[in-house]
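S.K.: Give the three-dimensional model of this entry:
(chains A and B)
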Protein chains: 2
Amino acid sequence: MNQSVVIAPIQESLVSFISSANYSKVFVIADNNTKKHCYPLIKAALPPHKIVSVASGEKFKLLSTCETIWDAMTREELDRHALVVNIGGGVIGDMGGFCAAVYKRGIDFIQIPTTLLSQVDASVGGKLGVDFQGLKNHLGVFNIPKTVLIDPVFLNTLPVREIRSGFAEIVKHCLIADGAKWKEISTIDFEDQNWMDLISHSVKIKQGVVDQDPTEKGLRKILNFGHTLGHAVETHFLAKAPAQRLFHGEAIAVGMIMESYLSFKRGMIDTETLSNIEEFIFATYGKVKIMPEEVDAIVSLTRQDKKNRGSEIRFSLLTGAGSCAYDIVVSLSEMRKAIAYYMG
Amino acid sequence: MNQSVVIAPIQESLVSFISSANYSKVFVIADNNTKKHCYPLIKAALPPHKIVSVASGEKFKLLSTCETIWDAMTREELDRHALVVNIGGGVIGDMGGFCAAVYKRGIDFIQIPTTLLSQVDASVGGKLGVDFQGLKNHLGVFNIPKTVLIDPVFLNTLPVREIRSGFAEIVKHCLIADGAKWKEISTIDFEDQNWMDLISHSVKIKQGVVDQDPTEKGLRKILNFGHTLGHAVETHFLAKAPAQRLFHGEAIAVGMIMESYLSFKRGMIDTETLSNIEEFIFATYGKVKIMPEEVDAIVSLTRQDKKNRGSEIRFSLLTGAGSCAYDIVVSLSEMRKAIAYYMG
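M.R.: Residues are numbered from 1 along each chain as shown, chains lettered A, B, ... in the order given. You can find the predicted model right below:
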């Protein structure tokens, strides 16, 4: 892979990247929020360019939004030597990257992730795509951006709920790969965390894993800890009223408790580790209300998880605070128990 | 690349491939013609499977048709370990391959090309995609099928016009890479060609070129000989009444005469080579009627060619009968002259 990631003031890193290359045109993809709040921070660092902005939010992470983007790219007559600059959170990174990777069978793109979540997670690893028929990232490709430019300055543009959501992936990275760091962050309140340090730590962990297994044949699956039930919970809540919907990280936090419980029930982690995780996550995220009649719907949503093989549902489960195993088949009844455990 | 291509009786090659692998499900993509005429030849050689068939023809090579296919794949709950079998011509190969390459970020697929054109061209090289806003293969990816199973038996299902269309790519392969073979085929009438021999010859040439340059950074562009103006002519005629539309190879035959003329005008081939090419192509394909008022429209359609850089239009031109150069910038006025030359 050798994916380039630069954590630095964005004007510097952007000017340096652009001047090192020779693109025929530059085309920016943003959403309505990032066009307003983030694009002004990079505009002057770019050569003459066009920008397309789309409605913001996961519910517009659709093929039809891609068509709008492809339409704009075509009207600008971007050729194969053009550069796409994606500025936004995970939705823009995944969808804008997908649009670039498919336009004329693939043109160069770079990611400027503007949310904590996308800085520590979505921007690294080359997973691109859109949702389809309510299934997350159901259509997509693997493709590596030319570079990822990360600048914590963009976090200033975010509401705290958004930062808290991104923090869930940081917690995950510690839990699956760095017990010492988990110990460190779990004794610090969310408000007092050192984001610069944690972004750099998370990017390193994710890159290390992805480098060993770019296309998720094996080891990379550990990054899915918390995500099998977490995605199901997220998808289930997507159908609810806007006020009840969960941010991605909030759903993953729920999933991490459920899947820690599964790890515990399989004898892979001890009771102390389970309670530490649980306490820290509840203290940070509170508890999401799930009604007994919702359990079956959530369980059945795990069937579309991309890690599955045939009818089996495979999980990535902790083998300790700081290590993780993958491809562990879990039954529907175990899943129901894990959800019930979370519901308390 | 190491793309596997097997030229053999289809039942044998298919059974051998399937039994060597371990797929969770098998899913066939066909069009209405190939479902009726070709699918019966492979049905019994496959394990239990589902099939989706779409309307046949280039005008359905669209993102909306992909959505129909993705919808069917999703309903069948294909997981990442499923196999897609594309049975059809270039449209099904390109579009079905694209659907497989994008579904859950890519699942395995094999190509069973059923037209001469797709057997000698589209099935080799990993170019996948669909048309968008009237632009050919404007959206797509590079991805290699697990294998390509070629059987000349399918040619028996084809009208002669379809075979003549495919023959144009065989002529092209000889002209760009094998002067001796060009000499051989140019003395034989179309009806008397040896298809088994020519298919195998064309596949070898294309594989040789593609292996050296899978993503078309350089050498592979020679495969575009005849295609810059040929595609423009094809696209231009797409807007006409069905009876006037051209098959792909028919348009490429037109393009090869125009681009041979450009090669001649640049002093790259001599007058004898130009007339040999012209005579053989006119004898095989007749002459397509282009009106003076259509010239500008055709020229302007070359601007969307994927080989271009910025506003320059780059051609692959012959340097002899059997050799080809690429990235040759040609002006709009030269193109107009080449079209006028063809029109005579």
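S.K.: make it CA atoms for all contacts and neighbour counts henceforth
M.R.: Will do.
S.K.: Skip the chain neighbours and tell me the closest residue to the spatially most central residue of chain A.
M.R.: What sits nearest the mean C-alpha location of chain A, by C-alpha atoms, centre = their mean, is A:A122, with 4.0 Å. In this structure, A:A122 finds its nearest non-sequential neighbour in A:G90, 5.4 Å apart by C-alpha to C-alpha, 6 or more residues apart in numbering or on different chains.
S.K.: so that neighbour makes contact with A:S123?
M.R.: Yes - counting by C-alpha atoms under 8 Å, A:G90 does reach A:S123; the two are 7.2 Å apart.
S.K.: which residues touch the residue nearest to A:A122?
M.R.: Contacts for A:G90 (C-alpha atoms under 8 Å, 6 or more residues apart in numbering or on different chains) come out as A:113, A:115, A:117-118, A:122-123.
S.K.: Among those, which one sits closest to A:H138?
M.R.: Nearest to A:H138 out of the contacts of A:G90 is A:A122 (C-alpha to C-alpha; 15.4 Å).
S.K.: these two touch, right, that closest one and A:I92?
M.R.: No - in this structure, A:A122 is not within contact of A:I92 by C-alpha under 8 Å, at 9.9 Å.
S.K.: Report the contact partners of the residue nearest to the centre of chain A.
M.R.: Neighbour list for A:A122: A:90, A:93-94 [criterion: C-alpha under 8 Å, 6+ apart].
S.K.: Can you lay out those as JSON lines showing pLDDT and secondary structure?
M.R.: Shown next, in JSON lines, are the contacts of A:A122 (pLDDT from 0 to 100; DSSP: H, G, I helix; E, B strand; the rest coil):
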{"residue": "A:G90", "pLDDT": "92", "secondary structure": "helix"}
{"residue": "A:G93", "pLDDT": "97", "secondary structure": "helix"}
{"residue": "A:D94", "pLDDT": "97", "secondary structure": "helix"}
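S.K.: Closest one to chain B out of the residues you listed, please.
M.R.: Nearest to chain B out of the contacts of A:A122 is A:D94 (C-alpha to the nearest C-alpha; 11.7 Å).
S.K.: Just want the residue of the stretch 151-300 of chain A that's nearest chain B.
M.R.: Nearest to chain B in the stretch 151-300 of chain A, going by C-alpha to the nearest C-alpha, is A:T215, at a distance of 9.2 Å.
S.K.: secondary structure element for the nearest residue to A:D296 once chain neighbours are set aside?
M.R.: Closest residue to A:D296 apart from its sequence neighbours, by C-alpha to C-alpha, 6+ apart: A:R336 at 7.5 Å. Here A:R336, judged by DSSP states H and E, is contained in helix A:332-343.
S.K.: just A:C324 next, same as before
M.R.: Judged by DSSP H and E, A:C324 forms part of strand A:323-329.
S.K.: Buried residues of that strand, list them for me.
M.R.: Residues of strand A:323-329 classed as buried by neighbour count (16 or more other C-alpha atoms under 10 Å in any protein chain shown): A:323-327.
S.K.: quick one: strands adjacent to it?
M.R.: Take DSSP bridges as the rule and strand A:323-329 pairs in its sheet with strand A:314-320 (antiparallel).
S.K.: how near is A:V141 to A:G125?
M.R.: Using C-alpha to C-alpha, to the nearest Å, A:V141 is found at 11 Å from A:G125.
S.K.: With A:V330 instead?
M.R.: When distance is defined by C-alpha to C-alpha, A:V330 is 26 Å away from A:G125.
S.K.: do the same with A:G97
M.R.: Distance, A:G97 to A:G125, by C-alpha to C-alpha: 12 Å.
S.K.: of those two, who's got more company?
M.R.: A:G97 (33 against 25; other C-alpha atoms under 10 Å in any protein chain shown).
S.K.: my read is the more buried one is in a strand, agree?
M.R.: No - looking at A:G97 with DSSP: H, G, I helix; E, B strand; the rest coil, it is helix, so not inside a strand.
S.K.: for it, what are its contacts?
M.R.: Counting by C-alpha under 8 Å, 6+ apart, A:G97 touches A:86, A:109-111, A:128-129, A:143, A:145.
S.K.: gap between stretch A:137-149 and the chain center?
M.R.: 12 Å (C-alpha atoms, centre = their mean, to the nearest Å).
S.K.: same deal with stretch A:161-173?
M.R.: On C-alpha atoms, centre = their mean, the centre of stretch A:161-173 falls 10 Å from that of its chain.
S.K.: What of stretch A:31-38?
M.R.: Relative to the chain's own centre, stretch A:31-38 is displaced by 19 Å; criterion: C-alpha atoms, centre = their mean.
S.K.: show me what contacts A:T157?
M.R.: Applying C-alpha under 8 Å, 6+ apart to A:T157 gives the contacts A:37-38.
S.K.: Just read off the phi/psi values of it.
M.R.: phi -90, psi 0 (degrees, to the nearest 10).
S.K.: Which pLDDT does the model give it?
M.R.: Note for A:T157: predicted pLDDT of 86.
S.K.: what's the spacing between it and A:C38?
M.R.: A:T157 sits 8 Å away from A:C38, going by C-alpha to C-alpha.
S.K.: Now list whatever residues contact both of A:G90 and A:S123.
M.R.: Shared contacts of A:G90 and A:S123 (C-alpha under 8 Å, 6+ apart): A:P113.
S.K.: helix or strand for A:L262, which one?
M.R.: Residue-wise, A:L262 maps onto helix A:248-265 under DSSP H and E.
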